[in-house]
Structure formats: C-alpha cells, structure tokens
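S.K.: next one to model:
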Amino acid sequence: MINIIISDKFQNSKNFLISYIEKNEDMSVLETLDSVDLLLTTKQNLKEIDLIIFDISSQEADSILSVIRKLKEKYKNLNFIATSYEINSELVAKTLKEGVREFLLKPLIPNIFESAIKKIKDEKENTKTGNADTICIFSNKGGVGKTSLAVNVAYEIAKITLKKTCLLDLSFNSEDVCTFLNIEPKYNIDFILNNIETSDEKLFLTLLNKYQDTSLYVLSPQNDINLNLKYTPSSITKIINSLKNIFSYVIIDTSSIINETSVSILNNSDLVLLVGMLNLASIRNLQKCNELFDNMGYKGDKIKLIVNRHIENSEISIKDLEKTVGKEVFNKVPNNYLTLIDAINLGKTVGEINPQSNIAKAYKNIAQEIINTDFLNIANKTYNHGVFNLLRRMGE
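M.R.: You can find the predicted model right below:
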C-alpha cells in the first residue's frame with residue numbers, strides 16, 4: 001500500500017489526484033492539506049507515509065523547499081512529487097536539487113502522473129523483496145577487466161563478511177565468470193527464470209554453483225546463441241529481486257552494450273563500479289558514459305570510478321582522468337598481469353594464489369570499501385519521466 005498526503009491549494013488539482021488514487025486499491029490518500037507548512041504539524045505518522053504530492057510556485061518556492069528539506073532530513077522513507085502551473089526552468093532545477101522525485105506540470109497528464117507513481121510503487125515493492133546490496137561492474141568498452149574485478153571483489157566480500165554473496169553473470173553470450181573460477185554453469189536461462197522464484201531456499205541454491213568452501217555462489221546461465229534475446233527488463237528484475245531474498249551481496253558482471261536490458265541492470269543496482277584505464281580511448285568512453293549516467297538521473301554516489309591496470313608514473317595521470325571525466329576516482333587496481341593470468345589459468349581468485357600481491361590487496365581494499373558503504377544514502381533512481389516531459393513541453 002502506498003500512503004499519500006496531498007498538499008495543494010487548488011481544489012481542481014486535489015480532485016484530480018484523489019479521483020485517480022481512489023481507483024487504485026494499492027494506494028490511499030490519508031490527508032489533504034492546503035499548505036506545505038501544515039505537514040510540520042500533521043497528526044499523521046510520517047514514518048508510515050510513502051509519498052507527499054505538493055504544489056509549488058516561484059513566489060513560495062524558498063519557504064516550501066525549506067519545509068521539504070526538513071522533512072527529508074528527518075524521514076528518509078519519504079518521496080516527494082512537485083506539481084506546478086508554472087513553466088519555469090529555474091524553479092524545476094531548484095526543486096529537483098532538493099531531492100524531489102518528479103516535477104510535473106499542471107494540468108497533470110494522466111499517463112505521466114501514472115508513470116511517476118509506478119516508479120515509487122515498484123521501488124517499494126523491490127525493497128520488500130530483500131535487503132541485498134547490489135553492485136554492478138560496468139564499462140561501455142570491452143577489454144578493461146570488468147570480469148576480473150567482479151570475480152575477485154565478490155570473492156573478497158564473501159571472505160571478509162562470511163555472508164552469502166552471489167556473483168551474477170549477466171554478460172550475455174559469455175561464460176567468462178565460469179572460466180575464471182573453473183566451474184560449469186548448471187542451467188539455461190529458461191530453466192532459471194522458471195524456477196528462480198521458489199520460496200524454498202535450499203532448492204533455490206541448487207540453481208547456483210557454490211565456489212569451493214566459501215559463502216560465494218555463482219549464477220551463470222549456460223551459453224546460448226539467443227541468450228541476449230531472452231534477457232528482458234522484466235526478467236532482469238525478476239532475477240535480481242529473487243537473489244535479494246537470499247543473499248547479503250549481489251555482484252553483477254555485465255556486457256559493454258548499452259541497451260534496454262543493460263539499463264535495467266543498472267537501474268536495479270544500488271552501486272555501479274564504472275571501470276576504465278589510463279588511456280585516451282578509455283577516458284573518452286568513461287566521459288561519455290558518465291554524462292549518460294547524469295542524463296539518466298543517477299546521483300553521484302551511485303557511480304564509483306575504478307581505474308584498472310593502473311601503472312604508476314604513467315604519461316596520463318589519475319588527475320588528468322578525473323579532470324576530463326569530471327569525477328573522482330574511487331579506487332584503482334595495479335597492472336599485475338602475471339599474477340592475474342596465473343589465477344585465471346588455475347581457475348582461482350588472485351587472493352587464493354597470491355594474497356600478498358599488490359593486486360590481491362587492491363581487490364580486498366575495494367571489497368572493504370563496498371562493505372563500509374552506506375547503501376541507504378545512495379539514490380537508486382531511473383531517469384525522471386516528469387522532467388523529460390516538462391522540458392519537451394518547455395521547448396528546451
């Protein structure tokens with residue numbers, strides 16, 4: 001159930017919202033107010049409220065946003081949707097900067113409003129499915145070491161925490177994860193999708209490969225020429241949400257293709273490790289990818305930059321990369337080819353064959369920083385439909 005409070009001085013707007021919400025059995029308007037200020041004295045328990053829909057104008061913006069700021073600081077669960085009759089880009093920017101989910105132009109368009117509500121409903125439902133921290137390893141350029149990072153960081157997280165950790169291979173027509181760990185995938189994607197929602201945890205875990213005597217499990221579908229066609233946004237969400245019911249951490253290895261399916265993986269991830277190297281081609285791709293993520297509405301804390309195969313005193317420095325991409329480097333992995341290739345050839349992790357190596361220590365350090373991350377403060381949102389629609393209507 002989505003519990004909602006409406007704050008709007010215009011009765012027509014209230015009537016529209018109430019009539020729409022009353023048609024949905026899984027939504028309820030608990031209170032209607034004429035002013036945002038009244039939210040500070042409401043008798044409603046705001047810990048039980050999911051969404052506040054409020055009207056805003058340029059004239060009252062500062063005082064209204066001051067109230068929203070206070071509420072957001074005290075009630076982390078609250079979502080906000082702003083509505084306004086004004087077409088004012090400055091007002092939109094000021095409002096969204098305060099963490100308001102959507103800015104919708106009045107008169108409200110039913111399908112746009114419905115889309116905004118659906119995202120909040122879906123996120124609440126997804127939160128119910130499990131508490132696993134989900135980390136996606138991504139690059140829009142192949143050959144930068146995504147899989148080695150995913151495999152070794154997942155192993156280190158499982159080793160440090162001793163909690164159930166899942167390494168999920170969503171790199172489509174590839175079995176690199178299995179090659180790195182010398183395991184054979186058990187089932188095809190059709191079988192997995194048909195059985196992954198079982199409530200029996202023991203049966204669920206039989207779909208995965210347990211890596212040696214650790215708490216690390218691997219889910220990698222058998223290679224299939226049509227595998228990428230069988231991954232859809234709904235199937236991705238189904239898989240990830242099911243894993244969240246069982247595991248404490250889910251580490252996802254992905255392909256370098258940016259399409260509807262990979263965007264679904266990114267949207268379902270709490271944290272994205274964006275991987276690149278210190279060369280011009282890679283930096284250019286990192287820059288484009290970071291700009292894309294900004295346009296998709298991802299907050300800065302969700303995207304962390306990893307420099308792989310780092311060589312000290314290289315011609316291009318970390319500072320050069322940060323200046324070009326416009327983002328600080330979260331961590332780096334040294335270029336230790338011999339140790340890494342030895343691990344791959346043995347079908348083991350770097351931490352197993354040479355735990356004192358610089359590369360093993362780097363993977364362990366990244367794992368520890370992920371474990372220490374406050375995932376509750378990372379915004380996991382898709383792009384803002386309301387803002388995109390508003391800007392189109394404004395002609396910007």
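
S.K.: ranges for the strands of the stretch 51-200 of the chain?
M.R.: For the stretch 51-200 of the chain, the strands defined by DSSP state E, counting those that start in this stretch occupy 51-55, 79-84, 102-105, 133-138, 165-170.

S.K.: for those, which has the smallest mean pLDDT value?
M.R.: Note on these: strand 102-105 shows the lowest mean pLDDT, a mean of 90.

S.K.: low-confidence bits of this structure, can you list those?
M.R.: For the chain, applying pLDDT under 70 flags the ranges 123-130, 173-175, 197-200, 224-230, 300, 376-396.

S.K.: rerun at 80
M.R.: 1, 76-77, 119-131, 172-175, 189-190, 196-203, 222-231, 295-297, 299-300, 374-396 (pLDDT under 80).

S.K.: show me what contacts the closest residue to K106 other than its chain neighbours?
M.R.: Nearest non-adjacent residue to K106, counting by C-beta to C-beta, 6 or more residues apart in numbering: Y85, 4.7 Å away. The C-beta positions use only the backbone N, C-alpha and C, and glycine is treated the same way. Each residue near Y85 by C-beta atoms under 8 Å, 6 or more residues apart in numbering is listed here: 10, 57, 105-106.

S.K.: tell me the spacing between Y85 and T214.
M.R.: 58 Å (C-beta to C-beta, to the nearest Å).

S.K.: swap in N290?
M.R.: Counting by C-beta to C-beta, the separation of N290 from T214 is 34 Å.

S.K.: between the two, which one's more packed in?
M.R.: It is N290, of N290 and T214, that has more neighbours when counted by other C-beta atoms under 10 Å, with 21 against 15.

S.K.: could you chop the protein up by domain?
M.R.: Per the record, the chain has its domains at 2-127, 131-377, by automatic domain parsing.

S.K.: need the winner for burial among these.
M.R.: With neighbours defined as mean count of other C-beta atoms under 10 Å, the domains of the chain peak in mean count at domain 131-377, which reaches a mean of 18.

S.K.: give me the distance from it to the chain's centre.
M.R.: Its chain's C-alpha centre and that of domain 131-377 lie 13 Å apart, by C-alpha atoms, centre = their mean, to the nearest Å.

S.K.: before we move on, what about stretch 11-21?
M.R.: Distance of stretch 11-21 from the chain centroid (C-alpha atoms, centre = their mean) equals 32 Å.

S.K.: I239 belongs to a strand?
M.R.: No: under DSSP: H, G, I helix; E, B strand; the rest coil, I239 falls outside any strand and is assigned helix.

S.K.: from T237, how far off is the residue lying closest to it once chain neighbours are set aside?
M.R.: In space, and not counting its chain neighbours, I239 is closest to I196: 6.0 Å by C-beta to C-beta, 6+ apart. Look at I196 and T237: by C-beta to C-beta, they are 11 Å apart.
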